[in-house]
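In: what's the 3D shape of this:
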Amino acid sequence: MSLGPEHPPGRASELADRFGTPLYVFDGQMLGASARAFRGAWGDGASVAFSMKCNPLMGVVARLHQDGCWAEVASGFEYRAARRAGVPASQIVFNGPLKHDEEIRRALAEGATLILDGVEQIDAAARFAADAGARSRIGLRLTPPDRIGADRFGFTPAEASSAAERLSSAGLAVGGVHVHLGAYQLGPPAESGPPIHAVTVEYPVPVSRLTDAAAHAVEVADAIAAREFLDLGGGWPAAGPCLEEYVQAVRAVLAGDARQLILEPGRALVRDAGWLLTRVVARRSDGSLVVDAGVTHAPCVLWKRSPVTAAEPRGGAVRPTDIYGPLCLQHDVLARGAPLPPGESGDLIWVGQAGAYAIAQASPFIHLRPGAVLLEGATATLLRARETDDEALGVQAEPLLVGRNGVPVSA
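Out: Residues are numbered from 1 along each chain as shown. Purely as a prediction, here's the structure:
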């Protein structure tokens, strides 16, 4: 049986006994197969850069790199993590609205593809032009054509032209352009309610938006003489019939274009190759269970319905079951109405589609963050140990208590 979000790996009891729960579990063979299939769909001339913001584990980055993926990073931290994971700078695309001067200088010196966003980054790159290595490449992030005037990211065509002139005067040529649509969009603020109500999620990004973005990228790249690459960002579906439709549509727009094509998939490569293994700690009713993992361990469940599977099903009729986490919050719910057999304290449950935007956005709110393992056949490798008190508390000073004599003493 092929693995997938509804067919998680076996060995739940073994993994739980060895590593504890909650536990992130990734399947290396699935990661590799996803990478090869996605790259194969686009064919020669395209480079696939895994979007690390959806899962920054160095073990996952290294596993995808084994099957030909670059890394797309959105911060200096992610850049450093990618380098430590073994990705050469020449195969890193450095995005993001915040790049410190030293990070820009390092990326230029090491030969990364540096995507600049905003006049501040243009000025910084110009200052470090003398440090640029022979293999470094500069790209400009463009505002999506349907978001001009409503998006904080990227340059308009006129702004891109001015930015290219500024860089040229410093001795830096613009080699390409980048446009990223993304699954999350910010709409007009609601008259009432929390700000999150203005956010919409659309994944995968509609193919029409991506083809329009591709045409826009070609037009701007031609106008500013950026002849090396076109980066169309992320939002792509996983390999399969749906992706084939996207590939054909985009290739039709790019017909005859000789520039290197860069894609930045995230979810498409890792979402279905990761699970969160959690243990039932209490049964509140026949259709209500409490587990040891919460929404802080898998924030992605707040945006989508993740498949939930009993690791070792008991007998009895399947019934709609609510799965609550351990936080002191009413909204700490991993799933509502999940079709599960009767459960008891101690049972193990798999939460699927946890490969993307789970471990990346997890926090030590009330409970510490879980460990993570990579499965390769019969081998389970620890990618990250369970968080400890010292790691969570970091470099905080110990609180001081005042003794009876008024002298502060360490707690």
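
In: what's E191 in contact with, if anything?
Out: Under the criterion of CB atoms under 8 Å, 6 or more residues apart in numbering, E191 has no contact partners. For every residue, glycine as well, the C-beta is placed using N, CA and C.

In: Run a quick neighbour tally on A190.
Out: The number of residues packed near A190 is 11, by other CB atoms under 10 Å.

In: Can you get me a residue count around R147?
Out: Neighbourhood size, R147 [other CB under 10 Å]: 19.

In: which SSE is it in?
Out: R147 is part of no helix or strand, with elements assigned from DSSP states H and E.

In: mind checking how far it is from G96?
Out: 18 Å (CB to CB, to the nearest Å).

In: what about the helices in this protein?
Out: Listed from the start of the chain, the chain has helices (DSSP state H) covering 12-19, 28-42, 58-66, 76-84, 101-110, 119-127, 157-169, 207-223, 241-253, 267-270, 389-393.

In: If you drop the residues flanking it in sequence, what lies closest to G337?
Out: P320 (4.0 Å; CB to CB, 6 or more residues apart in numbering).

In: so how far is L276 from the one you found?
Out: Separation of P320 from L276 (CB to CB) stands at 20 Å.

In: Which one's more surrounded, those two?
Out: A direct count of neighbours by other CB under 10 Å for P320 and L276 places L276 higher, at 31 against 12.

In: what is that one paired to in the beta sheet?
Out: Under DSSP bridges, the beta-bridge partners of L276 are Y24, V351.

In: looking at it, it is touching H297, isn't it?
Out: Yes: between L276 and H297 there is a contact under CB atoms under 8 Å: 6.3 Å.

In: Run a quick neighbour tally on the nearest residue to A239 once chain neighbours are set aside.
Out: Sequence neighbours aside, A37 is the residue nearest to A239 in space, at 3.5 Å (criterion: CB to CB, 6+ apart). The number of residues packed around A37, counting by other CB under 10 Å, is 16.

In: didn't A37 look like it was pressed against P241?
Out: No: counting by CB under 8 Å, A37 stays clear of P241, with 11.8 Å between them.

In: Which residues are in contact with the residue nearest to D257 when sequence neighbours are not counted?
Out: Excluding the flanking residues, the one nearest D257 by CB to CB, 6+ apart is V218, at 6.2 Å. The contact partners of V218, by CB under 8 Å, 6+ apart, come to L230, V253, L254, D257.

In: what do you get for Y324?
Out: Y324 neighbours (CB under 8 Å, 6+ apart): R284, S288, L289, V290, V291, D332, V333, L334.

In: Now that the last one has come up, it's in contact with L302, right?
Out: Pointing back at L334 there. No: counting by CB under 8 Å, L334 does not reach L302; the two are 9.8 Å apart.

In: Please identify which of these two sits among more neighbours.
Out: Just comparing L334 and L302: by other CB under 10 Å the higher neighbour count belongs to L334, 25 against 14.

In: For A282, list each beta-bridge partner.
Out: Assigned bridge partners for A282, using DSSP bridges, are V290.

In: Show me where the stretch 251-400 of the chain dips below the pLDDT cut-off.
Out: Residues of the stretch 251-400 of the chain that meet the criterion pLDDT under 70 lie in 397-400.

In: residue boundaries of the strands in the stretch 251-400 of the chain?
Out: Secondary structure of the stretch 251-400 of the chain (DSSP state E, counting those that start in this stretch): strands located at 260-263, 274-285, 288-291, 308-310, 319-324, 333-340, 348-351, 371-376, 379-384, 400-402.

In: which one of these is the most hemmed in?
Out: Each of those was scored by mean neighbour count; the highest is strand 348-351, a mean of 25, by mean count of other CB atoms under 10 Å.

In: Now do that one: which elements does it pack against?
Out: With contacts defined as 3 or more CB pairs under 8 Å, 6 or more residues apart in numbering; DSSP states H and E, the packing partners of strand 348-351 are helix 12-19, strand 274-285, strand 308-310, strand 333-340.

In: Can you say which of the ones you listed is nearest to S136?
Out: Nearest to S136 among the helices and strands packed on strand 348-351 is strand 274-285 (33.1 Å), distances taken as CB to CB.

In: helices or strands next to that closest one in the packing?
Out: Contact partners of strand 274-285 among helices and strands, from 3+ CB pairs under 8 Å, 6+ apart: helix 12-19, strand 23-27, strand 288-291, strand 348-351.

In: Now distance to C54 too, for the helices and strands packed on strand 348-351, in a markdown table please.
Out: As requested, those are arranged in a markdown table below (distance: least, CB to CB, whole Å):
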| stretch | distance to C54 |
| --- | --- |
| helix 12-19 | 22 |
| strand 274-285 | 10 |
| strand 308-310 | 21 |
| strand 333-340 | 19 |
